[in-house]
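>>> Got a sequence here, can you model it:
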Amino acid sequence: MLFYHYAYKMNDNQHQSRINDALYAIHRDITADLSAKNLAAIAAYSEQHFHRLFQRVVGETVHQYIRRTRLEQAANQLMFDRDSPVIDIANKCGFVSLPSFTQAFKSNFSLTPGQWRKQNIKIQPRAYLDDQDIAAAYQRVQPQSLPSPQLVERQEQQVAYVRHRGYGRSIRVAWQTLQAWAAAEQRPFTQQLGLHHSNPAWVPLKQCRYVACLGIDEPMVRRGLVNSLEIPGGLHAAFELKGQYGELLPWMSKIFEEWLPASGLKMQTTPTFAEYHSNHFLVSDERFELTFYLPVSIL
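Next up is the predicted model:
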């Protein structure tokens, strides 16, 4: 019985690994041809089998996941890049026509792209109410001033990673999994990065997508629950931040709602991420020191 249970788990981890390859392709370039046929080929499954396994592993159909990811990215772009035409943002986020984009956007956010853009740029922390610590942290952070960022060019970064759904203390499990893998592989557990695929200002915390990453110098030999990906390089605004659990998301909101509109820069569609110098998910006092990187381009 134990043997069969172990074999099933190994098979499950292999499925997770191959579905992760498809997820990486989605988040790497949301404007790409993300048809189920192409993604199934990346994951090395038949298209029918891929559909079934993707929903089992991710909790959404392939179409639902891609559509939601593109719409969340479009919501960010519309809110924080008010000068670009809506059709340009639609194309940048993988939509081929304005009518189809408008229909999908209104279905998801109950507003047209134009109405969304006319909202007060002040982000309302409605999603933070799911976590009392984060809601309280929002009140602490709001009166504080942002540190001035530096503009830095980052090289592409190869990392090992574990994906996690939901933003909260449960992220600790992803980091502990990565830590155990690093120990088993005899790899240094030093360069820790957290990728943020969702903006919690309008995505409920339980649905936010987070990726715990560890910088690696040598390619992975075996893949399973832990996989590898490449964080894109390019120009980033780098903010040095300190605080305690709950305060990072409010700091991110201040960067988006205060600094970005006044910066004269445009936010790119590649993920934002934090490089931890002290990881609040792994230390007992839950305090962090980190560099938050926002991918940007010069107008």
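>>> what's next to stretch 30-43, contact-wise?
Applying C-beta atoms under 8 Å, 6 or more residues apart in numbering, the external contacts of stretch 30-43 come out as 18-19, 21-22, 25-26, 46-47, 49-51, 53-54, 62-63, 66, 69-70, 73, 91-94, 269. All C-beta spots, glycine's among them, are computed from the backbone N, C-alpha and C.
>>> what mean pLDDT would you report for that stretch?
For stretch 30-43, mean pLDDT is 89.
>>> Can you give me the buried ones in that stretch?
Residues of stretch 30-43 classed as buried under the neighbour-count rule (16 or more other C-beta atoms under 10 Å) are I30, L34, A36, L39, A40, I42, A43.
>>> ok, now how distant is the fifth one from A74?
Yep, that's A40 we're talking about. Distance, A40 to A74, using C-beta to C-beta, to the nearest Å: 25 Å.
>>> And for V58, the neighbour number?
Neighbour count of V58, defined by other C-beta atoms under 10 Å: 19.
>>> Setting aside sequence neighbours, what's the nearest residue to it?
Y65 (5.8 Å; C-beta to C-beta, 6 or more residues apart in numbering).
>>> for L282, same thing?
Nearest to L282 is W175, by C-beta to C-beta, 6+ apart, at 5.5 Å.
>>> what are the ranges of the helices in the protein?
Assigned by DSSP state H, the chain shows helices spanning 2-28, 36-43, 47-58, 62-80, 86-92, 98-109, 113-117, 132-141, 171-185, 248-254, 260-263.
>>> Nearest to G224 among those would be which one?
G224 lies closest to helix 2-28 among the helices of the chain, at 3.7 Å (C-beta to C-beta).
>>> which other residues reach stretch 172-180?
160-164, 189, 192, 210, 212-214, 225-226, 279, 281-282.
>>> Now find how far off-centre stretch 139-148 is within its chain.
Computed by C-alpha atoms, centre = their mean, to the nearest Å, the chain-centroid distance of stretch 139-148 equals 23 Å.
>>> list the contacts for G215?
Contacts of G215 by C-beta under 8 Å, 6+ apart are Q157, Q158, V159, T190, Q191, Q192, L193.
>>> Mark which of those are buried, thanks.
Q157, Q158, V159, Q192, L193.
>>> which two of those lie the greatest distance from each other?
Going by C-beta to C-beta, the pair spanning the buried ones among the contacts of G215 furthest: Q158 and Q192, at 14.2 Å.
>>> Just want to check the distance between the residue nearest to V58 and A22.
Y65 is 9 Å from A22, by C-beta to C-beta.
>>> okay, and the common contacts of these two?
Listed as contacting both Y65 and A22 by C-beta under 8 Å, 6+ apart are F54.
>>> ok, back up a step: run a quick neighbour tally on the residue nearest to L282.
21.
>>> Ok, K242 next?
Counted with other C-beta under 10 Å, K242 comes out at 13.
>>> Can we start the residue count at 542 from this point?
Will do, 542 is the new start, and the previous item becomes K783.
>>> Contacts only, for the closest residue to it other than its chain neighbours.
Excluding the flanking residues, the one nearest K783 by C-beta to C-beta, 6+ apart is E830, at 5.1 Å. Applying C-beta under 8 Å, 6+ apart to E830 gives the contacts L782, K783, Y817, H818, S819.
>>> Report the buried members of these.
L782, Y817.
>>> between the contacts of E830, which is nearest A723?
Y817 (14.1 Å).
>>> Now do the same contact list for that closest one.
So Y817 contacts Q733, L734, G735, F829, E830, L831 (C-beta under 8 Å, 6+ apart).
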